[in-house]
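In: Here is the input, now give the coordinates:
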Amino acid sequence: MLPSDRKWFTEVNAEAGSAESWSIEAHLAREVTDFQTIDVYRTSHWGNLMVIDGFVMLTTRDNFLYHEMMTHPALFSHPEPKRVLIIGGGDCGTLREVLAHDSVARCTQVEIDEQVTRLSEKYFPELCERNGDPRAELLFDDGLAHVKNLEPGSMDVIIVDSTDPIGPAEGLFGPEFVVDCYRALADGGMFLQQSESPLLHGKLIAGIRDNMDKAGFSTIRTLGFPQPCYPSGWWSVTQARKGGEIEPVSAERFAASGITTRYFNPGVHVGALATQLP
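Out: Predicted structure coming up:
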């Protein structure tokens, strides 16, 4: 039993008629930046908790689900990803998983708010363990402008690891940005975007897929996965490929990679690609 005087952080999801709460032991940090307000808490059962503008971003306990599914399905669907771009992803968990792939020669992360990364380095250091990798480039800049200025065909994989489509992230869900990403990708390249809950955000997912289709991507798939700290507990990533199909990784390739995961594996990849939207 938790103490009756325990403090709680609660995120209310009015659209779903539900809420999620975490038992809080301490408020560790608050940063008010030019872009948002970032809070970090220590919880009783979920490790540290990062909240941005009142919305849960990640916990120590379950972030591996999100970061593995935001990276490995796409990188294993690509035959040999060498040049990877992450837009957002300031907690650096996605960067860590990308750099687990030996084929990657360069991974650039463009996060608009440097304080997300600085707080992650302090309170989620396990996510930042590859920040010093010589293949990693951390930029604190506008992701929209960065993509627009890329050379055509210069990227193999573009990952949009953004917050909800409000505030600084709103433009990342627009059609012009998707067209810019399409242009920046080489033939066979993979573009992927966190696409919220299939249970709650079907209209948003349909819009993401429509943007990808109109930009010219040949194959579009939405992969579902569990994510306990997010509304409904069911989340998704929508992937698109510039020419070619999106196929699950073979058991042989996954084993040969030597990558250790806690959730993702070839069977999970097959199942996620079979996600049926409500």
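In: what's the spacing between Phe217 and Asp102?
Out: Per Cβ to Cβ, to the nearest Å, Phe217 is found 27 Å from Asp102. C-beta: built from backbone N, CA, C; applies to glycine.
In: who has more neighbours, the two?
Out: Using other Cβ atoms under 10 Å as the criterion, Phe217 and Asp102 rank with Phe217 on top: 23 against 10.
In: just checking, what packs against the longest helix that the chain contains?
Out: If you go by DSSP state H, the chain has its longest helix at helix 202-215. Contacts defined by 3 or more Cβ pairs under 8 Å, 6 or more residues apart in numbering; DSSP states H and E place helix 202-215 against helix 175-184, strand 219-226, strand 234-241.
In: Tell me which residues are up against it.
Out: Applying Cβ atoms under 8 Å, 6 or more residues apart in numbering, the contact partners of helix 202-215 are 165, 173-175, 178-179, 181-182, 191, 193, 195-196, 198, 220, 222, 236, 238, 240, 277-278.
In: before we move on, back to that, indicate which one of the helices and strands packed on helix 202-215 is closest to Asp53.
Out: Closest approach to Asp53 among the helices and strands packed on helix 202-215 (Cβ to Cβ): strand 234-241, 18.6 Å.
In: who touches Ala29 in this structure?
Out: Ala29 neighbours (Cβ under 8 Å, 6+ apart): Ile38, Asp39, Val40, Leu119, Lys122, Tyr123.
In: now the angle from the longest helix of the chain to helix 175-184?
Out: 50 degrees (axes from the mean of the first three to the mean of the last three Cα atoms, to 10 degrees).
In: Output the below-cut-off pLDDT ranges for the stretch 51-200 of the chain.
Out: 163-173 (pLDDT under 70).
In: same thing but 50
Out: Residues of the stretch 51-200 of the chain meeting the criterion pLDDT under 50: 169.
In: Please, where are all the helices along it?
Out: Listed in chain order, the helices of the stretch 51-200 of the chain (DSSP state H, counting those that start in this stretch) span residues 63-69, 72-77, 93-98, 114-123, 143-148, 175-184.
In: show me where the protein has strands.
Out: In the chain, the strands defined using DSSP state E lie at 7-13, 18-32, 37-43, 48-52, 55-59, 83-88, 106-110, 136-139, 155-161, 185-194, 219-226, 234-241.
In: what residues go with each domain of this structure?
Out: The chain resolves into domains spanning 7-59, 63-273 when parsed by automatic domain parsing.
In: And Pro134, how close does it get to Leu95?
Out: Relative to Leu95, and taking Cβ to Cβ, Pro134 is found at 13 Å.
In: Give me the more crowded residue out of these two.
Out: Leu95 (31 against 7).
In: middle-most residue in this protein, spatially?
Out: A centroid search over the chain (Cα atoms, centre = their mean) returns Asp161, at 3.5 Å, as the residue closest to the centre.
In: quick one: that residue and Val237 touch, right?
Out: No: between Asp161 and Val237 there is no contact under Cβ atoms under 8 Å: 9.2 Å.
In: So for the two, which residues contact both of them?
Out: In contact with both Asp161 and Val237: Met70, Gln194, using Cβ under 8 Å, 6+ apart.
In: Not counting sequence-adjacent ones, nearest residue to Gln239?
Out: Spatial nearest neighbour of Gln239, chain neighbours left out: Leu192 (4.4 Å); criterion: Cβ to Cβ, 6 or more residues apart in numbering.
In: tell me the contacts of the one you found?
Out: Met70, Ala74, Val157, Ile158, Ile159, Val160, Val237, Thr238, Gln239, Ala240.
In: cool, Val270 as well?
Out: Here Val270 is in contact with Pro248 (Cβ under 8 Å, 6+ apart).
In: Please report how far it lies from Asn131.
Out: From Val270 to Asn131 the distance is 32 Å (Cβ to Cβ).
In: for Leu139, same thing?
Out: For Leu139 relative to Asn131 (Cβ to Cβ), the value is 12 Å.
In: swap in Arg253?
Out: Distance from Arg253 to Asn131, by Cβ to Cβ: 27 Å.
In: higher neighbour count, those two?
Out: Asn131 (17 against 12).
In: is it true that that one touches Leu95?
Out: Yes: counting by Cβ under 8 Å, Asn131 does reach Leu95; the two are 7.1 Å apart.
In: what's the overlap in contacts for these two?
Out: In contact with both Asn131 and Leu95: Leu138, using Cβ under 8 Å, 6+ apart.
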